[in-house]
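Engineer: Next comes the sequence, and after it the predicted model I'd like to discuss.
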Amino acid sequence: MAFFTPSTNPAPPLKIALAGNPNSGKSTLFNLLTGLRQKTGNFPGVTVDLHLGTFRTNSHLKIEVIDLPGTYSLFPKSLDEQLTTDVLCDKNHKQHPSLTLVVADSTNLKRSLYLCTQLIDIGMPVILVLNMIDIAQRRTIVIDEEKLSLMLGVSVLSVNSKSGAGMDKLKKAIETFVPYSPKPLVDLKEISSDNWVDLQTHLGAKTPFDALVKYVNSNDSLQEKSAIFEQKQSEKISLQTNESIARFKLSEKLVLACVSYPLREINSLTKTLDNWFTHKIWGFIIFLFILFCIFQCIFTFSELPMEWIENLFVWLSNSVEKALPPGILNDILTKGILAGLGGVVVFIPQIAFLFAFIAILEDSGYMARVSFIMDKAMRKFGLNGKSIIPLISGAACAVPAIMGTRTISNSKERLITILVIPLMSCSARIPVYTLLISLVVPNVRVLGLLNMQGIVLMALYLIGFLSALGAAFLLKYFVKTKEKSYFIMELPIYRVPQVKQVIMVIYDKVRMFVYEAGKIIVAISVILWLMASYAPGNAMQKIDEKYALEKERYSPEEIDHLKASDKLEASYAGIAGKFIEPIIAPLGFDWKIGISLVTSFAAREVFVGTMATIYSIGSDADELSVREKMKEARNPTTGQPVYTLAVGFSLMIFYAFALQCMSTIAVVYRETGGYKWPLIQLLFLSALAYCSSFVVYHVLQ
Amino acid sequence: MAEILLSDLKVGEQGTVHHFNDQFIALKLMEMGCLPGEKIKVERFAPMGDPIAISVAGYSLSLRKNEAAMVVLQKS
């Protein structure tokens, strides 16, 4: 471009960043640039994921791209905005780019120019990318790119990230980019009377405005330490106010000079849809209907792939067992690692489908409306309209759901959302619920249409949701914050969701689940397997000897199963189960259930497998035979069935409330930055589970 | 021209932003383009009467009623 004199050996930027307002089509452009050559980075110390990717220019130069969380300014208000500011302003940050593409929504240029000029003024080399130019053209908005480029002193290009038009030019501009220092646009005298040049040297800032940004974003402890800060008279908040006004004046000037708007046209489709989606009655009915359809689809669609995955792991396990010589390594691989891995992978279809639907709803703009209609109700429970999406996600898996709370800017509302998410019934509870329901609830039709078992399952989901709200209501009084809660949010226009975007979200959430939850589930599975396979002293040997004498009485298969059952009882896991029996007896649970509660800590669905082993039918038995065995189980002293209605419901309620999931504890630890909240959460949910089960057991008995 | 709070407008009514009574809300709104001098139109209320949706500077924004009470408009 005209202002960069190409040097003889143009060095391309190694790293470029994409920055822009939310809903500016930044992620679409990122996907278009990098294709599938991308990964998500999670950086130590920060809890926000960054998307990294690479692409090659026409002359095969490799360029690294980083997609930053959407933001309106360099003064962050939430955790993800914080990261954007850190990466862009801290030149020592690992991801600090040498060039930033500011992605602007062409239909709403003024706001994008605000961020763009901020970046120019901190001394960041910028290319302004006018995105969604097709929509602008359709609305007959004309932007004089050349004039805008002259006035800003940076390159301005237009692209259509949907069709890919303009991408070649953009890649060329990146390729021929030469590092330079941009000329500041806003006169700091308009903002404050302080001398920012002093602070610039003191802070090692690139420009006086960079110093101002660093000052406003610095925390108070830093200020006390630094004498030079005391010389600054201006209050941070008035600095920001003056800055906003001065900068928007500039943006206004730029827009007036370079953009010609047609008469204001209202997006009629968005208006019509909003009339329905935010309607007093229809709004809620449509939302509930959509939720109903989503859950119906998830269960129907994921049944088959889940079956394939289960079969695959049975086959894998059998093959490994045969291929390797019998022994401890073989057992660890098949019964520890492969079993744990299978338990992780089997949930991928459900999680993928739920997040596919959530992504479609978010990308289309509908989720913003759900937050809008739900905000007032959610606020009564100490939550935020934005809490609704993580809560629904919790119905798949709490781990990605908790990570999804980062968009909630108020720390109290975010914390409460995190604390109550585990009460939503996640996928791992379904196998437990279905087993117990089929055990104690008769399979009959009520009112002609509805199935009794189905009603109980739905009631369990409802209990999860209602208890989440109830817990939030209580927590509201215990969690304190000085921050103000606010709900200033853009309601984007409706648009057709982009397939690529949806695929990226699915990939992202499944990745979170596999890496965050998966590694813990596998690790605990191995530990639990060890606990279940070893016993103090020579107890195991004795069992072997005992059954060696009974070869005539049973078939070899029966002996295997009886042996496994006896061994589990004698093992460390069995000892643990018996140890907690006195504690759980008031809930109607015996030591066998105790073992299952212990092993469930890897993931709740392990309950089913443990039950199978305890009732000596081989751990790979199907659900039907586990159920039959459990039905036959008698209490040795009274001779009465163990799994009565009271025990069944007590157990279901226990599973609905208890925080039996190490992965969730681990992710809460990471997201809240300490042991305090996961510990409180564990104690609170355990107490809730214990008391509720106690009540249910004694009422039904 | 009379001054009125954004929270007191009814659906369909318009006004021009004059000033803000809360600095934090002001900052957040201003960086989203809702500055003194901009025209605001109340588009709709959420089913329970709160939050409200407004159109300002060519796009749609939602904010709570207590936040809207910090925005002082000149009614037009």
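Structural biologist: Structure received. Numbering: from 1, shown residues only, chains lettered A, B, ... in the order given.
Engineer: Looking at the residue nearest to A:G20 when sequence neighbours are not counted now. What's its pLDDT?
Structural biologist: Counting by Cβ to Cβ, 6 or more residues apart in numbering or on different chains, A:V103 is the residue found nearest to A:G20 once chain neighbours are left out, at 3.5 Å. Heads up, the C-betas are built off the backbone N, CA and C, glycines and all. Per-residue confidence (pLDDT) for A:V103: 92.
Engineer: Report the separation between A:V103 and B:L35.
Structural biologist: Per Cβ to Cβ, to the nearest Å, A:V103 is found 22 Å from B:L35.
Engineer: Please say which of those two ends up with more neighbours.
Structural biologist: A:V103 (30 against 23; other Cβ atoms under 10 Å in any protein chain shown).
Engineer: For beta bridges, what are the partners of the more buried one?
Structural biologist: Counting by DSSP bridges, A:V103 is bridged to A:G20, A:V129.
Engineer: other SSEs contacting the particular helix or strand that has A:A352 in it?
Structural biologist: Secondary-structure element containing A:A352, defined by DSSP states H and E: helix A:348-364. With contacts taken as 3 or more Cβ pairs under 8 Å, 6 or more residues apart in numbering or on different chains; DSSP states H and E, helix A:348-364 sits against helix A:282-323, helix A:366-380, helix A:388-393, helix A:499-512.
Engineer: so which of those comes closest to A:K629?
Structural biologist: helix A:282-323 (19.6 Å; Cβ to Cβ).
Engineer: Contact partners for residue 17?
Structural biologist: Assuming you mean chain A. Applying Cβ atoms under 8 Å, 6 or more residues apart in numbering or on different chains to A:A17 gives the contacts A:V65, A:I66, A:D67, A:L68, A:V87, A:L88, A:Q95, A:P97, A:L99, A:T100, A:L101.
Engineer: not quite, I wanted chain B
Structural biologist: B:C34, B:L35, B:P36, B:G37, B:E38, B:K39, B:I40, B:V56, B:V71, B:V72, B:L73.
Engineer: Can you tell me which of the residues you listed lies closest to chain A?
Structural biologist: Closest approach between the contacts of B:V17 and chain A, by Cβ to the nearest Cβ: B:L35, at 5.0 Å.
Engineer: Got phi/psi on B:G15?
Structural biologist: phi -160, psi 170 (degrees, to the nearest 10).
Engineer: Which residue comes closest to A:S393 once chain neighbours are left out?
Structural biologist: A:A401 (3.7 Å).
Engineer: which non-adjacent residue is nearest residue 59?
Structural biologist: Looking at chain A here, since you left the chain open. Going by Cβ to Cβ, 6+ apart, A:S59 has A:E175 as its nearest residue, at 6.4 Å.
Engineer: wrong one, chain B
Structural biologist: Excluding the flanking residues, the one nearest B:Y59 by Cβ to Cβ, 6+ apart is A:N108, at 5.5 Å.
Engineer: Got phi/psi on the one you found?
Structural biologist: Dihedral angles (degrees, to the nearest 10) for A:N108: phi -140, psi 70.
Engineer: Could you tell me which residues make contact with it?
Structural biologist: Residues counted as contacts of A:N108 (Cβ under 8 Å, 6+ apart) are A:N21, B:G33, B:A57, B:G58, B:Y59.
Engineer: Just those residues: which are in strands?
Structural biologist: Counting by DSSP state E, the part of the contacts of A:N108 found in strands is B:Y59.
Engineer: Now look at the helix-or-strand element of chain B with minimal mean pLDDT and say if it contacts chain A.
Structural biologist: Least confident helix or strand of chain B, by mean pLDDT, DSSP states H and E, is helix B:23-31 with a mean of 83. Yes - counting by Cβ under 8 Å from any Cβ of the partner chain, chain A is contacted by helix B:23-31 at B:Q23, B:F24, B:I25, B:A26, B:L27, B:K28, B:L29, B:M30, B:E31.
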